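Participant: Sequence first, predicted coordinates after that:
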Amino acid sequence: MTERLSYSFGSGATHVTADPACAFARLRNEHNHLYDVIDCLETMASQLKNVAERNVRRERLKELRDTTLALLAELDEHSDWEDTQLFPFLTEYSQLPIRPVVTTSLWMLEKEQELAAMYFHLFLEETEQIFRNPDPSGIGRCTEQLLQACRLVKSHLQMEEETIYPLMAELPE
């Protein structure tokens with residue numbers, strides 16, 4: 001039986017994947033998109049540190065927060081697809097329970113994802129605090145939280161690729 005993988009990443013339209021090649025393409029495309037958004041966030045955060053004008057800094061911080069919230073929504077959607085469709089699909093076809101190294105890697109991925117979420121949460125909390133009580137020194141701490149979250153997500157995506165791509169290469173076409 002061929003597993004069907006459905007998704008609606010970003011576009012809102014639902015697509016159905018009927019083979020491993022489509023799942024692999026989706027994973028690769030989503031990861032590339034996520035890398036692009038993260039690169040944009042990192043640039044925005046780095047530039048924010050150098051903004052001296054209070055009103056401009058506040059507006060840029062708001063843009064950074066909004067872009068971060070959009071990324072988090074996309075990460076949630078991506079993670080949900082992986083957890084409910086991709087990983088069960090890979091488990092069925094790759095016999096993951098008898099591959100402890102892969103199972104351990106997937107567990108580590110989950111923990112890395114939780115750590116990144118913590119840093120995103122800290123960034124959002126500090127952003128709200130800066131909006132309530134503008135303090136230029138808080139921008140540096142705030143952006144460092146976000147940059148750490150971005151580093152963790154990029155590491156997470158890389159580890160995921162190193163774990164999943166070889167499994168997907170083994171799947172029947």
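Facilitator: Received the coordinates, thanks. Residues are numbered from 1 along each chain as shown.
Participant: for the chain, what spans make up the strands?
Facilitator: 5-7, 15-17 (DSSP state E).
Participant: worst average pLDDT in the ones you listed?
Facilitator: In terms of average pLDDT, strand 5-7 trails the rest of these, at a mean of 40.
Participant: what about the chain, any weak spots by pLDDT?
Facilitator: 1-18, 93-103, 171-173 (pLDDT under 70).
Participant: most distant residue from the middle of it?
Facilitator: The C-alpha centroid of the chain is most remote from residue 53, which lies 31.3 Å away (CA atoms, centre = their mean).
Participant: now it: how far from residue 65?
Facilitator: Per CB to CB, to the nearest Å, residue 53 is found 18 Å from residue 65. For the C-beta atoms, the positions are set from N, CA and C on the backbone; glycine is no exception.
Participant: what does residue 76 give?
Facilitator: Distance of residue 76 to residue 65, computed by CB to CB: 16 Å.
Participant: neighbour-wise, which of these two wins?
Facilitator: Per other CB atoms under 10 Å, whichever of residue 76 and residue 65 has more neighbours is residue 65, with 18 against 11.
Participant: hang on, isn't that one packed against residue 127?
Facilitator: Yes - taking CB atoms under 8 Å as the definition, residue 65 is a contact partner of residue 127 at 4.8 Å.
Participant: most centrally placed residue in the chain?
Facilitator: With distances taken as CA atoms, centre = their mean, residue 75 lies nearest the centre of the chain, 4.2 Å away.
Participant: In contact with that one, which residues are there?
Facilitator: 34, 153 (CB atoms under 8 Å, 6 or more residues apart in numbering).
Participant: ok, 10 Å please
Facilitator: 30, 34, 37-38, 113, 116-117, 120, 153, 156-157 (CB atoms under 10 Å, 6 or more residues apart in numbering).
Participant: so where do the helices sit in this protein?
Facilitator: 20-48, 54-81, 87-94, 100-132, 136-170 (DSSP state H).
Participant: List the buried residues of stretch 80-89.
Facilitator: 81-82, 85-87, 89 (16 or more other CB atoms under 10 Å).
Participant: Looking at these, spot the one nearest residue 45.
Facilitator: residue 82 (26.1 Å; CB to CB).
Participant: hang on, the closest one packs against residue 91?
Facilitator: No - applying CB atoms under 10 Å as the test, residue 82 and residue 91 come out as separate, 11.7 Å apart.
Participant: Mind listing the shared neighbours of the two?
Facilitator: When contacts are counted by CB under 10 Å, 6+ apart, residue 82 and residue 91 have residue 106 as shared neighbours.
Participant: Please identify every residue contacting each of residue 65 and residue 127.
Facilitator: With CB under 10 Å, 6+ apart as the test, residue 65 and residue 127 both reach 142, 146.
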